[in-house]
Each structure stands twice: as structure tokens, then as C-alpha cells.
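**Q** starting from these lines, generate the structure:
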Amino acid sequence: MSDVTLTTCRRASEQDVEALVALRAEMFRAMGTQNIDGPWVSAARSWFAERIHDPAFGIFVVASGGSVVACSVAAIRDAAPSPGNPHGRDVLISNVCTFPEYRGSGYGRRAFSAALEWAHRTGVPRAELMATAAGRGMYARAGFAETTFPAMRADI
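**A** Numbers count the residues shown, from 1 in each chain. You can find the predicted model right below:
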């Protein structure tokens, strides 16, 4: 376990792109996704690099002892207004992940908190995320609740 005094949480920079991609791969590994190698890796590298400075994205890393150990991503989404979301916009929080050897030290919580604080500063009134079983407690403590309409997906 690293010394907490050497730990920082900050907005990601271009130098963090490889760590962000590696943490995204780790997130998929932790979710049980098969075949995590492939063309998505190159696309993810470009995606992060293109959005690092985009004001509609809050991409955060936690570094301990100089190495990135956790991250989170928040993105403003634009949708048509609805009864549950009269403004239409919301913030999607995703990619909250910590490398396995650093889990249990609060790094993921720090990354998630940075994304949530960023979301609050945007003025967008609602946030959404998809949670693994391991993350549900942390998200529930932050005020997130399961919805009656879980996501459905199709390749088109």
C-alpha cells in the first residue's frame, strides 16, 4: 500500500492516456468481459487523447508515488427533456477503476468523487452510471439509486 501523502487526484493529461486505456481494460477484465484485446484499444487511446481538454468531459486520475492507479470519466450528455429529466442533459460517470494491487485503499473513491464534484460544477442536474456489484455501495452512499429501467443494448 502506498503512502497517502504521495497520492494526488487530478485532471488527466496527455501523459495519462496509456494508463487510462490500461485502466479501461482492467475495468472490462473485472466485469468478466472476454477478449479484451483488439481494435478497441487503439480507438480508446484516440478517444481519450481527443477528449482530455474537452470541457464537456471530466477525466480524472489518481496517482500514487508518481504512478496512475485509478481513474474516472464524466461526460455531459444531451437528450430530449423528459418528466424525469426536464432539462434533458445529464452527466454519465463511467470508467471508475483502480488497478487490482491498489484496491481497498480509497483510490477509486477519490477518482469517483472527483468526477462527481466536476458533475456538480457543470450545473447539470442529474448524473447516471452503470455499477458493478463491487461499486454499488459506494455509489449508493453518494445518492445513486437503481432505476426500474435498466439499460438494454443491441449491435446495429
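**Q** tell me the pLDDT of L6.
**A** Note for L6: predicted pLDDT of 88.
**Q** distance of the residue lying closest to it once chain neighbours are set aside from A19?
**A** Closest residue to L6 in three dimensions, ignoring its sequence neighbours and counting by CB to CB, 6 or more residues apart in numbering: G65, at 5.0 Å. The way it works is simple: take the backbone N, C-alpha and C, and place the C-beta from them, glycine included. When distances are taken as CB to CB, to the nearest Å, G65 and A19 turn out to be 13 Å apart.
**Q** and those two? Which one has more around it.
**A** When G65 is set against A19 and neighbours are counted by other CB atoms under 10 Å, the residue ahead is A19, at 19 against 9.
**Q** how about the contacts made by that one?
**A** Contacts for A19 were tallied using CB atoms under 8 Å, 6 or more residues apart in numbering; they are 61, 67-68, 71.
**Q** taking those residues one by one, which sit in strands?
**A** Cross-referencing those against strands under DSSP state E gives 61, 67-68, 71.
**Q** give me the mean pLDDT for the lengthiest helix in the chain.
**A** In the chain, ranked by residue count with DSSP state H as the criterion, the top helix is helix 107-122. Helix 107-122 shows a mean pLDDT of 97.
**Q** what packs against the helix or strand following it?
**A** Secondary structure here is assigned by DSSP states H and E; on that basis, the next helix or strand after helix 107-122 toward the C-terminus is strand 127-129. Here strand 127-129 touches strand 90-98, going by 3 or more CB pairs under 8 Å, 6 or more residues apart in numbering; DSSP states H and E.
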